[in-house]
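[1] From the sequence below, what's the structure:
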Amino acid sequence: MWNSSSSLLTSVLPRPKLRVGSRGVPRTPPARIVVAGRFPNPTFDYYLKSRIEMEKLPLQLADVRSTRWQKIAGEGTFLVVCRYASLAMLNWLDRHEGQISGVALLVDDDIPALVTGSEASLPYRFFLFRKALVPLPRLSRHLDIIWASTDTLAGRIGNDGTVLPPAPPLEMCMSRQHDRDGHQVKIAYHATSIHNKEHVFLRPIVADVLQRCPRAHFEVVADGGAARMWSGMERVRVVKPLAWDEYLRETSQTHVDILLVPLLDSLVNRSRSDAKRIDAARMGAAPIYSASNAYGRCCVTEELRIPNTFEDWVHHVLLLINDTASRQTHAAIAKERAIAMSLRAEAGLFEAGRT
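    Predicted coordinates:
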């Protein structure tokens, strides 16, 4: 469980609000869409890219670190803010308030909980505070729509939040055929540095599995203290986190047999989406999920959703290592789920949150 004092502090941090008079739709028919954020990033690819393509409107990506906003036309522009804002962008909004088609904010993490929690490093928490929370009071004066990635996150925002679940491009849900040594089984855990508790949880599980199964190999994406946690272990490959475009390219060219997706109980994790289903599909992996808000709390045979205990995780990892047919079945289910997620994009961007 999370710390109660942290939860109290989270409740007083800025959260987005719709502007007075908002109807939850564009004010006028959009002539173009501008997406502001830090690119490349998974939020744009998993939530916005395919939906925007369905709108058949010109698209411009405006990186908040470098865009010269004075060159962006205001009239008819619908602006989508992808997590982060900048002073130059806010000034542009003030200047073009009477001309723009509308403004939306997309949030895919409970950022106040990240800022006040212990999952992320102090520098990253300070970055989130400055770039994602401090601009909110001023940005909220312009907001027509607030999209949240999950029901739980929308509830954290309040009545102003509308759910916009992942809808990845179909090509991101398709794994390639790879030549594999049938004797070896590759297990992986790919996560950002804010999942330190999950690394602590998995290490003894993976150590036990590797000791029992000489043909099992483990790959983990980690840096800092998490990377040091895995160092020195035999048949463990530690990979430094990659930029998003590099990670996409790498995971589209390599195969994983079993993808571990643990989520321990925390305020942040309760708002997470099921985006790891997409990663599992892209790598052709059989995933094992924590029973959780994101992946469902029922342990059923269709998907492996299990309690966060040492015994359960060791048991199910060993089952998949020793049963090729079961791995293939669960990999196929992950692919089917990801493809179903991609079909959400057919509603387009502006109808998506209302269907």
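
[2] Run through the residues that contact residue 275.
    Taking C-beta atoms under 8 Å, 6 or more residues apart in numbering, we find residue 275 in contact with 42, 46, 166. Heads up, the C-betas are built off the backbone N, CA and C, glycines and all.

[3] which of those lies closest to residue 99?
    Relative to residue 99, the closest of those is residue 46; by C-beta to C-beta it sits at 30.3 Å.

[4] Looks like the closest one contacts residue 166 (just checking).
    Yes. Contact criterion C-beta atoms under 8 Å: residue 46 and residue 166 qualify, at 4.6 Å.

[5] Mutual contacts of these two, please.
    In contact with both residue 46 and residue 166: 275, 278, using C-beta under 8 Å, 6+ apart.

[6] And residue 289, what's its pLDDT?
    Looking at residue 289, its pLDDT reads 97.

[7] Excluding residues flanking it in the chain, which one is nearest it?
    residue 295 (3.8 Å; C-beta to C-beta, 6 or more residues apart in numbering).

[8] what's the neighbour count on residue 214?
    11 (other C-beta atoms under 10 Å).

[9] re the thing from before, and the contacts of residue 275, which of them are buried?
    Neighbour-count burial (16 or more other C-beta atoms under 10 Å) is assigned, among the contacts of residue 275, to 42, 46, 166.

[10] Pick the one among those residues closest to residue 194.
    Proximity of the buried ones among the contacts of residue 275 to residue 194 (C-beta to C-beta) peaks at residue 42, which lies at 13.7 Å.

[11] Quick check: pLDDT value at the closest one.
    With respect to pLDDT, residue 42 has a value of 95.

[12] And for residue 263?
    For residue 263, pLDDT reads 96.

[13] and what of the one 4 residues further on?
    Note for residue 267: predicted pLDDT of 90.

[14] got it, and the one 10 residues further on?
    In this prediction, residue 277 carries a pLDDT score of 95.

[15] Repeat that for the one 4 residues further on.
    The model reports residue 281 with a pLDDT of 95.

[16] which ones are touching it?
    Residue 281 sits next to 172-175, 334-335, 337-339 when contact means C-beta under 8 Å, 6+ apart.

[17] In the helix or strand encompassing residue 333, which residues are buried?
    When elements are assigned from DSSP states H and E, residue 333 belongs to helix 324-342. By 16+ other C-beta under 10 Å, the buried positions in helix 324-342 come out as 326-327, 330-331, 333-335, 337-338, 341-342.

[18] could you dump those residues to TSV with pLDDT and distance to residue 137?
    Conversion of these to TSV gives the following (pLDDT from 0 to 100; distance: C-beta to C-beta, whole Å):
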residue	pLDDT	distance to residue 137
326	95	52
327	96	50
330	96	46
331	95	46
333	95	44
334	95	41
335	95	43
337	95	38
338	96	37
341	97	33
342	97	36
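
[19] Count the neighbours of residue 211 for me.
    Around residue 211 there are 10 residues (other C-beta under 10 Å).

[20] how deep is the closest residue to residue 150 other than its chain neighbours tucked in, by neighbour count?
    In space, and not counting its chain neighbours, residue 150 is closest to residue 273: 5.1 Å by C-beta to C-beta, 6+ apart. By other C-beta under 10 Å, 25 other residues sit near residue 273.

[21] and what of residue 56?
    Residue 56: 7 neighbours (other C-beta under 10 Å).

[22] buried sites along the helix or strand harbouring residue 318?
    Using DSSP H and E, residue 318 falls within helix 310-321. The neighbour-count check on helix 310-321 (16+ other C-beta under 10 Å) flags 312-314, 316-317, 320-321 as buried.

[23] Let me know the closest of those to residue 134.
    residue 313 (39.4 Å).

[24] if I look at the closest one, how far off is residue 14?
    Per C-beta to C-beta, to the nearest Å, residue 313 is found 38 Å from residue 14.

[25] cool, and residue 320?
    In terms of C-beta to C-beta, residue 320 sits 44 Å off from residue 14.

[26] Pull the contacting residues for residue 76.
    Contacts here follow C-beta under 8 Å, 6+ apart; on that basis residue 76 touches 28-32, 99-101.

[27] Which one of these sits in the busiest neighbourhood?
    Neighbour max across the contacts of residue 76 (other C-beta under 10 Å) = residue 100, 24 neighbours.

[28] wait, doesn't residue 81 sit right on residue 37?
    Yes. The criterion here is C-beta under 8 Å, and residue 81 meets it with residue 37 at 7.2 Å.

[29] The two: who's more crowded?
    Taking neighbours as other C-beta under 10 Å, residue 81 and residue 37 compare with residue 81 leading, 29 against 22.

[30] Just confirm that one is within a strand.
    Yes. Counting by DSSP: H, G, I helix; E, B strand; the rest coil, residue 81 is part of a strand.

[31] partner residues bridging it?
    Beta-bridge partners for residue 81, by DSSP bridges, are residue 36, residue 105.
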